[in-house]
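**Q** whatever this is, show me its structure:
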Amino acid sequence: MPAMAIWILRDYDRCSGCRLCEIECSLKHEGRIWPEASRIRIFELVPGINIPHLCAQCSDTPCVKACPKNALYVDEKTGAIKVKVEDCIECGLCIEACPAKIPRILPGKKGVLICDLCDGDPVCVKVCSEFGYNALKVVARDDVNYEYSVYRRHPEEVTKDMVKKIYRLKPEEVI
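**A** Residues are numbered from 1 along each chain as shown. The predicted model follows:
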């Protein structure tokens, strides 16, 4: 693991659903506002409950291991999972291997999309902080036990937990 490895911590209680993170990410990576091509996505499956969803940068890298062309790799500087677009055949095996199904393939876009941590300076975190939401925060990877956390789960599962928490429901009361 690189000495400078970082990770993006999410505070679901603080996400307003403004989607500025999606806009900033698409501007950085695509040069235009294209939220579908953003490496972070905000899911609002229940009104008012917003779930920032992006790569958990798993240390066991199931997506990297699943790639038959070695198009995915771990960056030595940041520890981020990156894509060699020219080698990606868009087979989707990385998506199937990911516990939260985070990598995506978009029509008109070559290669799979996955958060690369903006080479150690994530723009999504910057914009979230600039507007005072602070739902996203850069932390040292060593400071987080993320392997079995909510970050490796689908937004639907996280939303259910948030509904239970906010509305103080018992598990059997949540659909």
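**Q** now find how far off-centre the lengthiest helix in the chain is within its chain.
**A** The longest helix of the chain (DSSP state H) is helix 155-167. When distances are taken as Cα atoms, centre = their mean, to the nearest Å, helix 155-167 is centred 18 Å away from the chain's centroid.
**Q** ok, residue 18 to residue 7 distance?
**A** To residue 7, residue 18 is 22 Å away according to Cβ to Cβ, to the nearest Å. The way it works is simple: take the backbone N, C-alpha and C, and place the C-beta from them, glycine included.
**Q** and residue 44, by the same measure?
**A** Computed as Cβ to Cβ, the residue 44 to residue 7 distance reads 24 Å.
**Q** who has more neighbours out of those two?
**A** residue 7 (23 against 14; other Cβ atoms under 10 Å).
**Q** can you confirm the more buried one is in a strand?
**A** Yes - membership of residue 7 in a strand is supported by DSSP: H, G, I helix; E, B strand; the rest coil.
**Q** leaving out sequence neighbours, find the closest residue to it.
**A** Ranked by Cβ to Cβ, 6 or more residues apart in numbering and with sequence neighbours excluded, the top spatial neighbour of residue 7 is residue 141, at 4.5 Å.
**Q** ends of stretch 22-37, what's the gap?
**A** Stretch 22-37 has an end-to-end distance of 8 Å (criterion: Cα to Cα, to the nearest Å).
**Q** buried ones in it?
**A** 22-26, 28-29, 34, 37 (16 or more other Cβ atoms under 10 Å).
**Q** and what of stretch 116-124?
**A** Buried, per 16+ other Cβ under 10 Å, within stretch 116-124: 116-118, 120, 122-124.
**Q** the residues you listed in helices, which ones?
**A** Going by DSSP H, the helices hold 123-124 from the buried residues of stretch 116-124.
**Q** greatest separation within the buried residues of stretch 116-124: which pair is it?
**A** Within the buried residues of stretch 116-124, 120 and 124 form the most distant pair, 13.1 Å apart (Cβ to Cβ).
**Q** now do the shared contacts for the two.
**A** Both residue 120 and residue 124 lack any common contact, where contact means Cβ atoms under 8 Å, 6 or more residues apart in numbering.
**Q** show me the contacts for residue 27.
**A** Counted by Cβ under 8 Å, 6+ apart, residue 27 has contacts 33, 123.
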